[in-house]
Each structure stands twice: as C-alpha cells, then as structure tokens.
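> everything below, folded, please.
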Amino acid sequence: MGYLPIENHGLIGNMRTAALVGIDGTIDWFCPEKFDAPSVFAAILDDERGGCFRIGPVDSEPTRKQFYWPDTNVLVTRFLCQEGVLEVVDYMPVDIDAEQQRERWLIRTVRMARGSMSVQVECQPAFNYARDSHQVSISENGAVFHSPNSALGLSSPVALATGDAGSVQAEFTLTEGEVTVFSLQLLPTDASDCAPALTFEAEQDFFERTIAYWHGWLAGCTYSGRWREIVYRSALVLKLMTYEPTGAIVAAPTCSLPEGLDSGRNWDYRYTWLRDAAFTLYGLMRIGFTEEARAFIEWLDARMHELNEDGSLQIMYTIDGEHEIEEQVLEHLSGYRDAKPVRIGNAAYKQLQLDIYGELLDSIYLHNKYAEPINYDTWRQVQIMLDWVCKNWQRKDHGVWEIRGEEQAFVYSKVMLWVALDRGIRLADKRSFPSPREQWRETRDQIYNDIMAEGWDEQLKTFTQAYGTDNLDAANLIMPLVFFVSPRDPRMIQMLEAIMRSPVQGGLTEDRLVYRYNVNSGVDGLKGDEGTFNMCTFWLVEALTRAGRLDEARHIFEHILGYANYLGLYAEQTGPHGEALGNFPQAFTHLALISAAFNLDRALKNGG
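Got it, this is the predicted structure:
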C-alpha cells in the first residue's frame, strides 16, 4: 500500500480512543476501546502487516481533499474524479449513551455528491499489533472478525466477500445522491453477528448529535483574538486527547512514529505524563475550558495519594492510573518507512525527572486560581511532595527530554523545582494553608542562586543545558513564562540571541524553527538526527512576546503556522524537508500554540 506522509492524516476520536484517517481514505491507525489498547489497524507502522480499513474510488486517479466539518472533529475526505465527486465522512459518535457508543464505535459514511462511480471497500484488521491471527465470518449484516481475545464487527449495507489475509472486500456503484454507511463496533468474543447496517436516517441522527456536541463544547472557548481558527483547531485536538472515563490526558494518540527516519527515536506517547498533562491543562484553562481541568485534577489527586514511600511521584502513568508501563519492541513490524524499532510501552516511567514537580504545582496553583479551590487533602499531599523537593533538589536527573544517557544537573529541571516551591508558597499564602513557609522560601532561594551561579555561562553569555556544560537547551525559554526571570532581564535577552543563532553559528534556530538541543553533543545517549521541535518554536514566540519584541514574535509565529498540515495539525517535530516527524498530533505542540497565540494577541492589542 505504501506509506502516506505523517502529515497527510486527520484525527477522529471520542475521548476514549482515536484513529488516523489518511487523505487517501485509509484508516491506518486505530486502537479500539481506549488509547493504549492494542491496535487493530497499524498500517502506518507496517504497510504490509499492520492492518487498515480503506474506502475509495475504483480505477481512478482522483484529486484528494480532506477537511473538518467546521468547528468539529468530524472529518471529510473528498475524491474529485472524472466520473464525479465522492465523499467519505469519518467520525466517532459522541454525546450518546454507552451502549450506542459500543455498538457504533466508528462510522464511515460514503456519499456520492456528483456523478456516478464504482467504490471499493477493504477492511483488514490485524489484532494485537498484528501479533494475533483471526477468523472472519460473513453474515447478512456484514462481517465479524474473531481473534483469540477480541472481536470486531463491520456493519455493511453491501455484500462483502472474504479476501487475502483475513480481509473482507466489496465493490459497488453509487450514483448522485446515494449514501452508504459502514460502522465498526467491538463485540463479545463469542459474537456470531454484528449489528445491522445503519440506515441513512439513523446515521444522520448520530451525525447531527455529534456535530451539536462539538459546536456546544467549542462555544465555551473564550478566545476571540487573531488566529482564532487555528486556536479552535488546537483546542479540538487537545479535547480529543482527554480520556473521559478518568480525566487523564495523553501526550499523543500514536506510538513509534519516528523523530528521524534513521535515529531509532521512536517512542510510545499514549500515556499521561504529568508534565504534558499539566501544560495541556494550562492551555485549555487559558481559553475557558475549566471542566477538563477539573477532571484532570481529580485524576491527579488520585495519583498524589499514590506517592512513592519517600514522597516522590512517578513521571507518567497509564490513562487508568496504572504505574507499570513496560517497554517492548515489536520486532515483527517494520516501522513507518522502515524506521525501526517499533516500541510500545515506555521505560521512561522509571526515570527521575525533577521538573514534573514544577509543572504539577503550577497547574494546581492555576486550577485553584481560575477553576475552583483545592481541598485540604490535596494540600496535604502537596506538602509531602514539597518536603521531598527540599531534600532532593540537588540531585541530577534525566531531564525534560527523557535522555537515555547519564543523569545531569539540568537547568530546566532546577528552574521547575524553583517553580514548585514558589507556587507552593503562593498557594499557602493565598489560602492560608498551614505550611513550613520559611523552609520552602529558604530552599527556593537556594535553588535560584544555584541556577544563577552554576547554570549561567559568563563566557558564552547564556544559560546552558546543564551545569558544567556549554550546550544550549531551548527548554530554558520557559524561564520568563514561569516568572523565573524578567523577560527583559539582560541574561534572558542574551540567551535568546544565542538560541536564535543558526546551528552553524552554535545556536538552535534554522529557518526560524527551533531545535530543542544539539543532538550531536551526545547528551541523550542516542544516535541519529531529529527535526526542529515545534513546541520550542512556540516557546520562542512567547519569550519574544514577553520581551516586547512583537514584530519578531509575530513573524516567527505566522511562519510556523505554515508548517501545520492542511487540517491545522502538528506532529512533535518538523523535519528538514518540512515534513512531520514524531507522534501525531502532539499535545505539547498544540498547547504551546494556544499559549503563544493568546499572549501575542494580547500584547498586540495592548501595544507591547
């Protein structure tokens, strides 16, 4: 089948799971039931074995277009052919009862808008990341695929025939105005048949209720400034990455999409990092979505009552709050464009990453300020964590980028430890909570002085990646965003200038896009190159905005907007040819976009 570029996909979902739909009408990534469940379609990670669900015209070379129904997560793929115009509308129903959601997990409506043409359907699941075999049975309602541990139903209004490798196929003709509806559903393992195919009227009910849900949700957005369309799309994407049953937020809905085709930097992001989720929370709260914040705080509160014996937190958890996330390599899958290895799970859950306490406390502080006051039991857990911070802030760690090399004293980690204590003190003062304020203040000030003494390189005139190194790190752009330094502090301005130089000149910026650090330094213990890191570019925009350099900030912001895909979606990174790299779409990128757009628009309105 060949690999579509990562950026040639749209995302659909229902706040439980998500699917990637290619511009060619192929679903090539889908994990039924929930984000981190085993895949049934994973052709994006192996175009021969991974499994897919394809709908498109027969014997035609169409012009393809793909767009979202305005202000929703309903995706339309349009094929413009000599014979006419064919549309495939993909979505997962939302705002319906649980039983209907199980029965109609994913709907694909095929509509002949103009003319007449033959349409081909092929559904070839590959259960459990293509590790489990399956049997297929055809019935008058469609097809049932049975694997040892699960079953999938395909409801079809047209006759299906079995094909190669456990697939089903159909070919039929549609004329102008005709509509055909396919749907996927999870079934009990002993099911002998799937649900009857949806009538057009029944599908329209699902469609209209889903549209109404997304319109109603987006109406809660308080952002009305410049770039509203891309901010709305980012908000809709972030909403798709929330896991409604628990309130958790995934970093991305995919796994093992490479950060570089020859780098081996392929990771599973379908879990909840405290860091990513806290930033996502900030991005949603900033534009009015407090209900998601409330749900995440409840999930977070449960994790805070599961502290390690020494009072520390794990950096990440499953969306159900489980602690073990075993990393495995799927040797039988070739990887996206043969970029191995394909990994599921993530061994980084065992790492020490000290910055999570800052992001966590900042999100709790903001939730208390903008959503609702935190309760006393949560405050007690905060105290335990901050006492741990006071005892452990001098330790080295693996840092925000989860290096697989040796632990170091990363400046970003130290800054966020300062943030943790600073927000804890502010929260205690605001709510008059009992706390050892003097100890926290003393430690906070020690951390600040330590960063200024050990993290600043007087010769290079910049903050460095870690103590005792001369490497730059774009993560340090966070400093003025969290009020560690003034955005116009001479040290901050000098670091901005250093980062904005090209890599050839020792900087991190190329074509106004920012690398997170120099991978050739060997700091991360990995090989190969990677792309520019989209979140870091948006952080640069915000740092320039706060420094009053609005023309530069706007120029860079609107430049990187041009690197979104045609739907307004971003992966983790942008490659040397403008291609998307890494897991897609990525929460970090979209939340940083929202924050940069919000602050830049406000600064432009206020004149700097």
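
> low-scoring stretches of the stretch 401-550 of the chain, by residue?
Applying pLDDT under 70 to the stretch 401-550 of the chain flags no residue at all.

> I misspoke; the intended subject was the stretch 251-400 of the chain.
Of all residues in the stretch 251-400 of the chain, none has pLDDT under 70.

> how about the strands of it, start to end?
Residue ranges of the strands in the stretch 251-400 of the chain, as given by DSSP state E, counting those that start in this stretch, are 272-273, 316-317, 328-329, 343-344.

> how far away from the center of its chain is the last one?
Strand 343-344 sits 16 Å away from the centroid of its parent chain (CA atoms, centre = their mean, to the nearest Å).

> who does that strand pair up with?
Here strand 343-344 has these sheet partners by DSSP bridges: strand 328-329 (antiparallel).

> and the contacts of the strand it pairs with?
With contact meaning CB atoms under 8 Å, 6 or more residues apart in numbering, strand 328-329 is reached by 341-345. Where C-beta positions appear, they are placed from N, C-alpha and C, glycine not excepted.

> drop anything exposed from the residues you listed.
Buried subset of the contacts of strand 328-329 (neighbour count, 16 or more other CB atoms under 10 Å): 342-345.

> now the residues you listed as a markdown table including distance to S167?
Listed next are these as a markdown table, based on distance: CB to CB, whole Å:
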| residue | distance to S167 |
| --- | --- |
| V342 | 22 |
| R343 | 27 |
| I344 | 24 |
| G345 | 28 |
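
> how many neighbours does the nearest residue to G531 once chain neighbours are set aside have?
Leaving aside its chain neighbours, G531 sits nearest to Q573 (3.5 Å; criterion: CB to CB, 6 or more residues apart in numbering). Counted with other CB atoms under 10 Å, residues neighbouring Q573 total 28.

> parallel or antiparallel, list what pairs with the host helix or strand of R108.
Using DSSP states H and E, R108 sits within strand 106-124. Here strand 106-124 is paired, per DSSP bridges, with strand 52-57 (antiparallel), strand 84-91 (antiparallel), strand 168-175 (antiparallel), strand 179-187 (antiparallel).

> what are the contacting residues of the helix or strand that it is followed by?
Next in sequence after strand 106-124, counting helices and strands by DSSP H and E, comes helix 127-130. Contact partners of helix 127-130, identified using CB under 8 Å, 6+ apart, comprise 38-40, 42, 46, 49-51, 133-134, 145, 147, 149-150, 152, 330, 332-333, 342, 344.

> pLDDT of helix 127-130, averaged?
What helix 127-130 shows for mean pLDDT is 97.

> which strands and helices sit next to the next helix or strand after that helix?
Going down the chain from helix 127-130, the next helix or strand is strand 135-139, by DSSP H and E. Judged by 3 or more CB pairs under 8 Å, 6 or more residues apart in numbering; DSSP states H and E, the packing partners of strand 135-139 are strand 142-146, strand 161-162.

> residues in contact with strand 135-139?
Here strand 135-139 has contacts from 143-146, 160-162, 166-168, 192-194, using CB under 8 Å, 6+ apart.

> now those as TSV including neighbour count, pLDDT and distance to K414?
Listed next are the contacts of strand 135-139 as TSV, based on neighbours: other CB atoms under 10 Å; pLDDT from 0 to 100; distance: CB to CB, whole Å:
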residue	neighbour count	pLDDT	distance to K414
A143	24	97	57
V144	22	97	56
F145	26	97	52
H146	20	96	54
L160	21	97	60
A161	11	97	63
T162	13	96	61
G166	19	94	54
S167	21	97	54
V168	22	98	57
S192	11	90	61
D193	15	92	60
C194	24	93	56
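
> tell me the one of these nearest W105?
C194 (11.2 Å; CB to CB).

> do I have it right that the closest one meets H146?
No: using CB atoms under 8 Å, C194 makes no contact with H146, being 11.4 Å away.

> pretty sure P480 contacts A543?
Yes: counting by CB under 8 Å, P480 does reach A543; the two are 5.7 Å apart.

> overlap in contacts of the two?
Counting by CB under 8 Å, 6+ apart, the residues touching both P480 and A543 are 487, 492.

> and stretch 235-246, end to end?
Start and end residues of stretch 235-246 are separated by 19 Å (CA to CA, to the nearest Å).

> how far away from the center of its chain is that stretch?
With CA atoms, centre = their mean, you get 10 Å for stretch 235-246.

> and what of stretch 330-339?
The chain centre lies 21 Å from the centre of stretch 330-339; the measure is CA atoms, centre = their mean.

> re earlier: let's have the contacts of strand 135-139 in CSV, adding distance to E61.
Converted to CSV, those look like this (distance: CB to CB, whole Å):
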residue, distance to E61
A143, 29
V144, 34
F145, 31
H146, 37
L160, 26
A161, 25
T162, 28
G166, 29
S167, 24
V168, 25
S192, 41
D193, 38
C194, 33
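
> so of these, which two are at opposite extremes in space?
With CB to CB as the measure, no two of the contacts of strand 135-139 lie farther apart than S167 and S192, at 19.6 Å.

> how near is Y412 to Q573?
Between Y412 and Q573 the computed distance is 18 Å (CB to CB, to the nearest Å).

> related to what we said a few turns ago, which one of the strands paired with strand 106-124 lies closest to L513?
Between these, strand 84-91 lies closest to L513; by CB to CB that is 30.9 Å.

> contacts only, for D301.
With CB under 8 Å, 6+ apart, D301 has these contacts: 377-378, 381.

> show me which of these are buried.
For these, buried by 16+ other CB under 10 Å: 378, 381.

> from the contacts of D301, pick the one nearest S312.
Using CB to CB, those come closest to S312 at Q381, 11.9 Å.

> contact partners for that closest one?
Going by CB under 8 Å, 6+ apart, Q381 touches 301, 304-305, 307.

> quick one on the thing from earlier: now the strands of the stretch 251-400 of the chain in JSON lines, with distance to G405?
Formatted as JSON lines, those follow (distance: least, CB to CB, whole Å):
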{"stretch": "strand 272-273", "distance to G405": "19"}
{"stretch": "strand 316-317", "distance to G405": "19"}
{"stretch": "strand 328-329", "distance to G405": "19"}
{"stretch": "strand 343-344", "distance to G405": "18"}
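
> surely T175 meets M112?
Yes: contact criterion CB under 8 Å: T175 and M112 qualify, at 6.0 Å.

> so what's the backbone phi/psi at the residue nearest to G531?
Torsion angles at Q573 (phi, psi; degrees, to the nearest 10) stand at phi -140, psi 160.

> how near is it to I230?
Distance of Q573 to I230, computed by CB to CB: 18 Å.

> what do you get for G13?
From G13 to I230 the distance is 19 Å (CB to CB).

> of these two, who's got more company?
G13 (23 against 18).

> residues near the closest residue to the more buried one other than its chain neighbours, how many?
In this structure, G13 finds its nearest non-sequential neighbour in L240, 4.1 Å apart by CB to CB, 6+ apart. When neighbours are defined as other CB under 10 Å, L240 has 21 of them.

> pretty sure E510 is in contact with R501, am I right?
No: contact between E510 and R501 fails when scored by CB under 8 Å: they sit 9.9 Å apart.
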